[in-house]
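Colleague: Give me a 3D structure for the following:
(2 chains)
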Amino acid sequence: MTKDDIKETILDILSDIAPDDDLSTLKDEIAFREQLQLDSMDFLDIVMELRKRYRVQIPEEDYPHLRSMQSTVDYLEPRMRDLQKV
Amino acid sequence: MYDAIIIGAGLSGLAAGIRLAHYEKRVCVLERHTTIGGLNSFYRLRGRNYDVGLHAVTNYTPKGTKRGPLARVLRQLRFSWDEFGLKQQNGSSIIFPSARLEFTNDLEVLRAEIARVFPSERDNFERMLAAIPDYEALPLDRADDSARAWVREFLREPLLVEMLFCPLMYYGSAREDDMDLAQFFIMFRSLFCEGFARPAEGVRPLMKLLTRRYKELGGELRLRAGVQRIVHDGGNAVGVELDDGTILEAKHVISSAGYVETMRLCGEANATTEQEAGRLGFVEACSVLDRRPTDIGIDRTIVFFSTEDQFHWRRPDELVDLRSGVLCMPTNFDFESPVDDGMVRTTALADFDAWRALPEPEYRAAKEAWYAKLAATSAQILGDFRPHVVDVDMFTPTTIVRYTGHAGGAIYGAPKKRYDGATFLQNLYLCGTDQGYVGIVGALVSGIAAANHRVLQAS
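Modeller: As a prediction, this is how the structure comes out:
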């Protein structure tokens, strides 16, 4: 998967978690928490959706990497580059 | 071997089930009754649909709201706001002999009412509002402190205190004479800061929505499958034994049966645990009308009343306590076209032991007699709807025990809440009422929390 594929995957997960939110205005570098007001339960969901869809395991100490779209994609790229997009 | 077994197909159990099934856990929801719903079930009688107990969905927040329990529930269960079909209340009242307060889903209305009726309390009320913490910041170390003592730090007028506690207690205090502080904060936000709403067809579409989603995700639901006991060994739950003797094994067990009820299932009930059972039972009379309440001038959605300025919140000495109650008009919400019959629901405190002691013919006679008294009291508050009553149904605390198994018919469960859901068994957790969350949205939050914290995060 390319960085763009990963971004698309995250957007897809976010649109599942927050179907009523407009994600088209989401800024890559600003924290999800600020833009979407996600709470800790929602972050757990991003982690679990990645595990469910791509079998990617993210240890709890790495959760801070999921701060914004930019940091999430940077963190996931080496872990997902060999995977095929579903 | 299941990843998780959930006892009870009510809102909390199904919410837990949806979360677990969504993340590919092998999960089974067990329900003793012949249908789903638990304390929020529904039934059909003489050609009409009834909800068991729904007055309103509390915690209403408008579409697009990102914070708060309703938003959290929708995100966690992957529903869009529209799917719940919530329509707002028209306006509700708190009626006491010496004063009356109106409120809606706009907190400004209550603010203005308090300034109008209790001008000296205006600033005190503001200070109290500012001190009520967010849901995320509940003081769990002081969770069962006295809410009355806390409120008295702000408010001086005893009548205002009683009037505010009346709706809060009726919609969720399991404790007599007082409320847990955490419970007070939750209820205050859910009633006065958020508000009331209802789907046009009551709880039925909501329960069906949850069940359908749960099954689509591969969750297993077994009705007529009562749990006889929770099998445990060395501090761990191993599984459950059903009424028919079947043993089902599971890595985790989540019980919505209630704390005392769950201890009984574990064979661990004793005098101490039994003392924790809830004491507050209720009767509810549904008066079906031949027209809408608005046609006869009854435009309020919900009316909380007390016939004395001192509000009494404890188990009554007789079958029913007529000194206070809640009147709900389920069609008085912002529906384009209400689908249900016009109805007045009257709820009042009742004594389970007194009802249970009645043999069958006396029980039926008492129900009829107390219906008449409840309807008369309701008519005094609302205006006389009784000439328009075409059908009646009524539950007592014994009805609740029969269909839900909740001890003493105490719909708000045990006074001592277990906010973390923990039990003496490592992998057995509580969800539902005894975890401290009440109401439709609260029950869903509770099931979600149990699934997340106890099963998903643990694996």
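Colleague: make it CA atoms for all contacts and neighbour counts henceforth
Modeller: Fine.
Colleague: Output the residue of chain A whose distance to chain B is smallest.
Modeller: Among all residues of chain A, residue A:17 sits closest to chain B, at 4.9 Å; criterion: CA to the nearest CA.
Colleague: what's the least confident helix or strand in chain A, going by average pLDDT?
Modeller: helix A:32-36 (a mean of 86; mean pLDDT, DSSP states H and E).
Colleague: where's residue A:42 relative to residue A:58, distance?
Modeller: Noted for residue A:42: a distance of 15 Å to residue A:58, by CA to CA, to the nearest Å.
Colleague: Next to chain B, which bits of chain A? Give me the list.
Modeller: A:16-21, A:36-37, A:41-42, A:45, A:48-49, A:52 (CA under 8 Å from any CA of the partner chain).
Colleague: Could you identify the buried members of these?
Modeller: Neighbour-count burial (16 or more other CA atoms under 10 Å in any protein chain shown) is assigned, among the residues of chain A next to chain B, to A:16-21, A:36, A:42, A:45, A:48-49.
Colleague: Put together TSV for those, with distance to residue B:69 and secondary structure on each row.
Modeller: As requested, these are exported to TSV (distance: CA to CA, whole Å; DSSP: H, G, I helix; E, B strand; the rest coil):
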residue	distance to residue B:69	secondary structure
A:16	18	helix
A:17	14	helix
A:18	14	coil
A:19	16	coil
A:20	15	coil
A:21	16	coil
A:36	15	helix
A:42	13	helix
A:45	16	helix
A:48	21	helix
A:49	21	helix
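Colleague: List just the nearest of the residues you listed to residue B:66.
Modeller: residue A:36 (7.3 Å; CA to CA).
Colleague: I figured the closest one hits residue B:66, correct?
Modeller: Yes - between residue A:36 and residue B:66 there is a contact under CA atoms under 8 Å: 7.3 Å.
Colleague: quick revisit: and the residues of chain A next to chain B, which is closest to residue B:413?
Modeller: residue A:41 (26.5 Å).
Colleague: quick one: contacts of stretch A:46-60?
Modeller: A:10, A:13-14, A:79-80, A:83, A:86, B:23-24 (CA atoms under 8 Å, 6 or more residues apart in numbering or on different chains).
Colleague: With stretch B:266-283 instead?
Modeller: B:174-176, B:229-232, B:259-260, B:263, B:314-315, B:320, B:347-352, B:394-397, B:407-416.
Colleague: run the last query once more with 7 Å
Modeller: Stretch B:266-283 is touched from outside by B:174, B:229-231, B:260, B:263, B:314-315, B:347-352, B:395-397, B:407-411, B:413-415, with contacts defined as CA atoms under 7 Å, 6 or more residues apart in numbering or on different chains.
Colleague: Over to stretch B:45-65?
Modeller: A:20, B:39-44, B:69-71, B:81, B:190-191, B:194-198, B:202-203, B:328, B:330, B:439-441.
Colleague: quick one: which of these sit in helices?
Modeller: Counting by DSSP state H, the contacts of stretch B:45-65 place B:69-71, B:203, B:439-441 in helices.
Colleague: Dump these to JSON lines, plus neighbour count, pLDDT and distance to residue B:342.
Modeller: Converted to JSON lines, those look like this (neighbours: other CA atoms under 10 Å in any protein chain shown; pLDDT from 0 to 100; distance: CA to CA, whole Å):
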{"residue": "B:69", "neighbour count": "22", "pLDDT": "95", "distance to residue B:342": "30"}
{"residue": "B:70", "neighbour count": "26", "pLDDT": "96", "distance to residue B:342": "27"}
{"residue": "B:71", "neighbour count": "23", "pLDDT": "93", "distance to residue B:342": "30"}
{"residue": "B:203", "neighbour count": "25", "pLDDT": "96", "distance to residue B:342": "16"}
{"residue": "B:439", "neighbour count": "24", "pLDDT": "92", "distance to residue B:342": "23"}
{"residue": "B:440", "neighbour count": "21", "pLDDT": "95", "distance to residue B:342": "22"}
{"residue": "B:441", "neighbour count": "22", "pLDDT": "97", "distance to residue B:342": "25"}
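Colleague: Any chance of those residues in TSV with distance to residue B:298 as columns?
Modeller: Listed next are these as TSV, based on distance: CA to CA, whole Å:
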residue	distance to residue B:298
B:69	31
B:70	29
B:71	32
B:203	23
B:439	25
B:440	25
B:441	27
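Colleague: of those residues, closest to residue B:161?
Modeller: Taking CA to CA as the measure, residue B:439 is the one of the ones in helices among the contacts of stretch B:45-65 closest to residue B:161, at 22.3 Å.
Colleague: what about the closest one, distance to chain A?
Modeller: Counting by CA to the nearest CA, to the nearest Å, the separation of residue B:439 from chain A is 21 Å.
Colleague: contacting residues for that residue?
Modeller: B:57-58.
Colleague: Equivalent analysis for residue A:38, please.
Modeller: Counting by CA under 7 Å, 6+ apart, residue A:38 has contacts residue A:32.
Colleague: you'd agree it is in a strand?
Modeller: No - assessed with DSSP: H, G, I helix; E, B strand; the rest coil, residue A:38 is coil; it does not lie in a strand.
Colleague: Just the ones of the contacts of stretch B:266-283 in strands?
Modeller: B:229-231, B:347-350, B:395 (DSSP state E).
Colleague: ok, of those, which one's closest to chain A?
Modeller: Nearest to chain A among the ones in strands among the contacts of stretch B:266-283, with distances taken as CA to the nearest CA, is residue B:230, at 29.2 Å.
Colleague: For chain A, what is the nearest residue in the stretch 51-200 of chain B?
Modeller: residue B:75 (4.9 Å).
Colleague: Residue ranges of each domain in chain B, please.
Modeller: B:2-42+B:203-276+B:414-456, B:108-191, B:279-404 (automatic domain parsing).
Colleague: Which residue lies nearest the spatial centre of chain A?
Modeller: The residue lying closest to the centre of chain A (CA atoms, centre = their mean) is residue A:10, at 3.9 Å.
Colleague: Local confidence estimate at that residue?
Modeller: At residue A:10, the pLDDT value in this model is 96.
Colleague: circling back: okay, the buried ones among the residues of chain A next to chain B in a markdown table with distance to residue B:424 next?
Modeller: Conversion of those to a markdown table gives the following (distance: CA to CA, whole Å):
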| residue | distance to residue B:424 |
| --- | --- |
| A:16 | 36 |
| A:17 | 34 |
| A:18 | 36 |
| A:19 | 39 |
| A:20 | 40 |
| A:21 | 41 |
| A:36 | 38 |
| A:42 | 29 |
| A:45 | 28 |
| A:48 | 28 |
| A:49 | 32 |
